[in-house]
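**Q** Mind folding the following:
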Amino acid sequence: MSREPVVFLPGMMCDARVFAPQLNDLSRDMAVTVAPITGGDRIEEIASGLLDVLPRRFALAGLSMGGIVAMEILRRAPDRVTRLALMDTNPLAETPQSAAGYEPLIIKLRAGPLTEAVQMLLRPDVLAPGPGRAAVLALVAEMAQGLGAERIVRQTRALQRRRDYQAELRRCKVPVLVLCGAQDGLTPVRRHTFMADLIPYAELAIIAGAGHLPPLEQPEATTAALRAWLDQPLVLQRRLDG
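**A** Numbering: from 1, shown residues only. Coordinates of the predicted model:
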C-alpha cells in the first residue's frame, strides 16, 4: 500500500463531503487530506496556491473540476506528484462557444437564488438514476450553499479559461487511474477512454450504477478502485524511463 500522503481535490460547488466515504476508509491506514479549489478565478492561480501548502510529494486525486486543477498541478510540478487519479473530468479546453455557454449560469448565480443555479449546473440526469440520486443532489446543493455564490462564480470563470492538458497527460510518467461513472451525463465514458489512451500505463475504471459523482453514488466501488491505484508500484516510472 502506498504511504505517500493522498490529496483529494473536490469538484465544483463541492467540499470534503463529496469524498466522505473514501476519507473514512483510507484514513485508517494512510494520511489523507482534501484541498479546496476556491483560491482563484483561473485554474493556474488555484494550482499555484495549492502547491504553496501541499506536502513535498503526494498522490493526487481530482474529481471533475478538481481533476482539471490536478492536471495543472501535474503541469507545474510533475516531480511532486507520485501518482494521479482523474475522476469524471475533462482534459480539453473550452471552445469559445462552450465558454460563452457559462454566462447564463454566472447571471443566475449573481441574481439568485443559489439553488436554481445549482440545478442548472447539476441536472438530475448528470447522475445515475436510482433511489440515492435525490440525496446526492441535496448534498451538492448543501455544499454549494456553504461555498456561496461568489466562490462558485470564480470557479465558473476558471473553467471558462482553462487550457488543454493533452500534452501533459502524454508525458505523465506516474501510475494513473482514470475513473468515470458509467452513466455520467456531463463527462461521458468516451471522454475518459480517450483520456486513458493518452496516458502511458493508465488504468481505466468504469463504475457501474454511477453518474458524475461516483464517490457518493457508488462509494464502495470507487474506494476499491482508488485502493488498487494506490497499490500500484511506482516502478512504472522506471519502466517508462527505461
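**Q** For the residue nearest to Q232 when sequence neighbours are not counted, which residues are in contact?
**A** Distance criterion C-beta to C-beta, 6 or more residues apart in numbering; nearest residue to Q232, sequence neighbours excluded, is P175 at 4.1 Å. C-beta here means a position set from N, CA and C on the backbone, and glycine is covered the same way. P175 sits next to 83-84, 201, 203, 229, 232-234, 236 when contact means C-beta atoms under 8 Å, 6 or more residues apart in numbering.
**Q** just M195 next, same as before
**A** Residues in contact with M195 (C-beta under 8 Å, 6+ apart) are 86, 89, 91, 169, 178, 202.
**Q** cool, A128 as well?
**A** For A128, the contact set (C-beta under 8 Å, 6+ apart) comprises 181-183, 209-211, 217.
**Q** quick one: contacts for L204?
**A** 178-180, 192-193, 196.
**Q** which SS state does it fall under?
**A** Following DSSP: H, G, I helix; E, B strand; the rest coil, the label given to L204 is strand.
**Q** From the structure, what's the count of residues near L127?
**A** The number of residues packed around L127, counting by other C-beta atoms under 10 Å, is 26.
**Q** And for the one 4 residues further on?
**A** Using other C-beta under 10 Å, P131 has 6 other residues around it.
**Q** Then it would be within a helix, right?
**A** No. Membership of P131 in a helix is not supported by three-state DSSP, which gives coil.
**Q** now it: how far from A149?
**A** Shown here: P131 relative to A149, a distance of 30 Å by C-beta to C-beta, to the nearest Å.
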